[in-house]
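**Q** return atomic coordinates for the entry below.
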Amino acid sequence: MTDLTITRLGHQGDGIAMTETGPVYAPRTLPGETVTGARAGDRIPAPKIVTPSPDRVAPPCRHFRRCGGCALQHASDGFVAGWKAALVRDTLARAGIAAEIAGVSTSPPNARRRAALAGRKTKKGAEVGFHVPAGHEIVAIPDCKLLHPRILAALPALERITRIAAARGAEVTLHVTEGPDGLDLAIDGAKPFDRDAMLALAPLGPGFARITWNGEPALQQLPPARNMGRARVVPPPGAFLQATAEGEATLVAEVLETVRGAARMVDLFAGCGTFTFPAAELAPVDAFEGDADLVAALEGGARHASGLKAVAARRRDLFRDPLTADELAAYDAAIIDPPRAGAAAQVAELARAGLRTVAFVSCHPGTFARDAAVLVAAGWRMGPVTVVDQFRWSPHVELVTRFDRD
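**A** Here you go, the predicted structure:
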């Protein structure tokens, strides 16, 4: 075993040491550290820290050593914020864009209000938690520092539900979302839902607003509505929602500041209305979304909301059928929040459109840089970028910025 020096972190948060034969990856290490350990190909799975970085801290969670839910608890908050800001800045620089980072907004511990947990039935009961890094073993997480307290309080109930839902030795995925009316649980990979499962599940209902079983409704105490601006929206089971209330508030505030003063707006990849309804307090909004269930949620929220300008929800696959530059001429501001794949086709139309402002939210710096380069090449000016860290202690990065054109 030879001592190696970590020079930087990769996009997954692993430390990278350069050797004559190429890069070697060492998880849970930091730049500047000297490490040693047995190699397995191009990895050191269990590195020993010879010389620690001054940015190394004691992990706040007792589960961190085994759990794969977090990757960066060994690094100070300041280091992680700086690393994520640099990741965004460097990714944009490779696309030829010099970015100003306005700041990093990091959600606090125990703020994650949605998670996909693994559940497995065992001889003695059930296991519920996160997988070990790059493995299938499940780590129980009763003292998790990531998840919302209401999700943690429901772990015993989720274990009992796993015993009902999973075949012996098989695994289910428990998509849990915390909301004002209780938890919204969507179970994937479960056994067929039958009368025995229904009877066993009923006593576990308190605390859950809705339970969905392999995509089908199994139990509902209350519609799991949540506030989006002045609207009350019931998302479909397993729908994408911003991971923390704090992160959502930052994104919404930045988007509203960008579109303020617009006379008519379009919201592209609108989901179930995270930005649509706050923006509709300022001006009419046409919201476009490809998923029929999300469009129905948008329509339901708009139908019962008061104090808003007109909201129109329209179903459209913006990957295959983007709004054209001619169609975009009806608006003077756009909001766009695409999935990780970005929005190449729609951005090509935005680049040619006569809009004055675009509020751009992204959950993937790489595809954002690609799309931003198209806008910049067409004469748009990119504003300062706010990095939003909703997935604390993970390598995941989100951002929001604005584009303007005279």
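
**Q** going forward, measure contacts and count neighbours with C-alpha atoms only.
**A** Will do.

**Q** quick one: the helices in the stretch 151-300 of the chain, in order.
**A** Using DSSP state H, counting those that start in this stretch, the helices of the stretch 151-300 of the chain run over residues 155-165, 195-201, 245-259, 276-279, 292-304.

**Q** any idea which of those is most buried?
**A** helix 276-279 (a mean of 28; mean count of other C-alpha atoms under 10 Å).

**Q** elements contacting that one?
**A** When contacts are defined as 3 or more C-alpha pairs under 8 Å, 6 or more residues apart in numbering; DSSP states H and E, helix 276-279 sits against helix 245-259, strand 285-289.

**Q** quick one: contacts of that helix?
**A** 228-231, 252, 256, 259, 267, 270, 285, 287, 302, 308, 311 (C-alpha atoms under 8 Å, 6 or more residues apart in numbering).

**Q** just put those residues in JSON lines and tack on distance to Arg8.
**A** Output for those, formatted as JSON lines (distance: C-alpha to C-alpha, whole Å):
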{"residue": "Met228", "distance to Arg8": "40"}
{"residue": "Gly229", "distance to Arg8": "41"}
{"residue": "Arg230", "distance to Arg8": "45"}
{"residue": "Ala231", "distance to Arg8": "45"}
{"residue": "Val252", "distance to Arg8": "33"}
{"residue": "Leu256", "distance to Arg8": "36"}
{"residue": "Val259", "distance to Arg8": "38"}
{"residue": "Asp267", "distance to Arg8": "38"}
{"residue": "Ala270", "distance to Arg8": "36"}
{"residue": "Val285", "distance to Arg8": "44"}
{"residue": "Ala287", "distance to Arg8": "41"}
{"residue": "Ala302", "distance to Arg8": "48"}
{"residue": "Leu308", "distance to Arg8": "48"}
{"residue": "Val311", "distance to Arg8": "47"}
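
**Q** if we can go back for a sec, of the helices and strands packed on helix 276-279, give the one that comes closest to Val397.
**A** Judged by C-alpha to C-alpha, the one of the helices and strands packed on helix 276-279 that comes nearest to Val397 is helix 245-259, at 11.5 Å.

**Q** mean confidence for that closest one?
**A** Helix 245-259 shows an average pLDDT of 98 in the prediction.

**Q** ok, residues contacting it?
**A** By C-alpha under 8 Å, 6+ apart, helix 245-259 touches 105-107, 111, 113, 242, 265, 274-275, 278-279, 333-335, 357-361, 388-390, 400-402.

**Q** coming back round to it: turn the helices and strands packed on helix 276-279 into CSV, columns for distance to Ala369.
**A** Shown next, in CSV, are these (distance: least, C-alpha to C-alpha, whole Å):
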stretch, distance to Ala369
helix 245-259, 18
strand 285-289, 23
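
**Q** nearest to Ala153, out of those?
**A** helix 245-259 (18.6 Å).

**Q** can you get me a residue count around Ile138?
**A** 21 (other C-alpha atoms under 10 Å).

**Q** quick one: it and Lys121 touch, right?
**A** No: here Ile138 lies out of contact with Lys121, judged by C-alpha atoms under 8 Å, at a distance of 11.0 Å.

**Q** lovely, talk soon.
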